[in-house]
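Enquirer: dropping the sequence and predicted coords here.
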Amino acid sequence: MDPGLQAERQASPFSVNEVAAWWLGDEGLLDAKQRIDAALKQDKDFLALGPTDDIYRLSRHERYVRVNQRFLLARKKLHAGEVFKEPYGLTSAKQVEQFYSMAIGPDGPTIGIHFLMFLSTLRTQASEEQQKLWLKPAENLAIFGCYAQSGEFFFFKGLKQKPKESCMDGKTQL
């Protein structure tokens, strides 16, 4: 930690940890956050991908590649159960969410739409046939989902005038 920031925190008239626990909504989550932070700083797999605090010096493409690499590694560790053992020692869904946030870094929302909206839409609204075709590739990031919203909730008059249906052209698209 920056020495100036550390000195400022030590000189504060209140407990930084108490404020942090209040901000996170749970003292146990603060302990988990500190444990996750320490584990990420020692995890050779994450260290090999580069830090999360240098993204502002990367190109848009490099940032996109980095966030996806970090997300896939976090997902791999979660599914292998590595994050439930030391040094991570995660014990709750909130701690897993905190792990993802810290492991991916500040660009996490770029991939979040795919996992939070696209995959859940495939799981809940696609037919069995559609799920067989699209779900596995989407889960493995062979295809990416995106998000668009009509003007129903915003003042985009131009969107309302466009057709709300799209059709696949089998001659030009797979």
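Expert: Here it is on my side, so go on.

Enquirer: can you tell me which residues contact the nearest residue to F118 once chain neighbours are set aside?
Expert: In space, and not counting its chain neighbours, F118 is closest to G145: 2.4 Å by C-beta to C-beta, 6 or more residues apart in numbering. The C-beta positions use only the backbone N, C-alpha and C, and glycine is treated the same way. Contact analysis of G145 by C-beta atoms under 8 Å, 6 or more residues apart in numbering lists I113, H114, M117, F118, L119, T121, L122, A138.

Enquirer: now name the helix or strand holding the first one.
Expert: Assignment of secondary structure by DSSP states H and E places I113 within helix 109-113.

Enquirer: and the next helix or strand after that helix, what's buried?
Expert: Scanning forward in sequence from helix 109-113 by DSSP H and E, the next helix or strand is helix 119-125. Neighbour-count burial for helix 119-125 flags L119, L122 (criterion: 16 or more other C-beta atoms under 10 Å).

Enquirer: next: stretch 103-116.
Expert: By neighbour count on 16+ other C-beta under 10 Å, the buried set for stretch 103-116 is A103, I104, G105, D107, G108, I111, G112, H114, F115.

Enquirer: what's the answer for stretch 35-43, then?
Expert: For stretch 35-43, using 16+ other C-beta under 10 Å, the buried residues are R35, I36, A39, L40, D43.

Enquirer: which one of those residues is nearest to W23?
Expert: Nearest to W23 among these is I36, at 15.8 Å by C-beta to C-beta.

Enquirer: and that closest one, what does it touch?
Expert: I36 neighbours (C-beta under 8 Å, 6+ apart): Y88, L90, Q95, Q98, F99, M102, A103.

Enquirer: inside helices: which ones of these?
Expert: Q95, Q98, F99, M102, A103 (DSSP state H).

Enquirer: could these go into TSV alongside distance to G28 and pLDDT?
Expert: Compiled in TSV, the ones in helices among the contacts of I36 are given as follows (distance: C-beta to C-beta, whole Å; pLDDT from 0 to 100):
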residue	distance to G28	pLDDT
Q95	8	88
Q98	11	87
F99	14	91
M102	16	91
A103	19	92
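
Enquirer: right, I'll leave it there.
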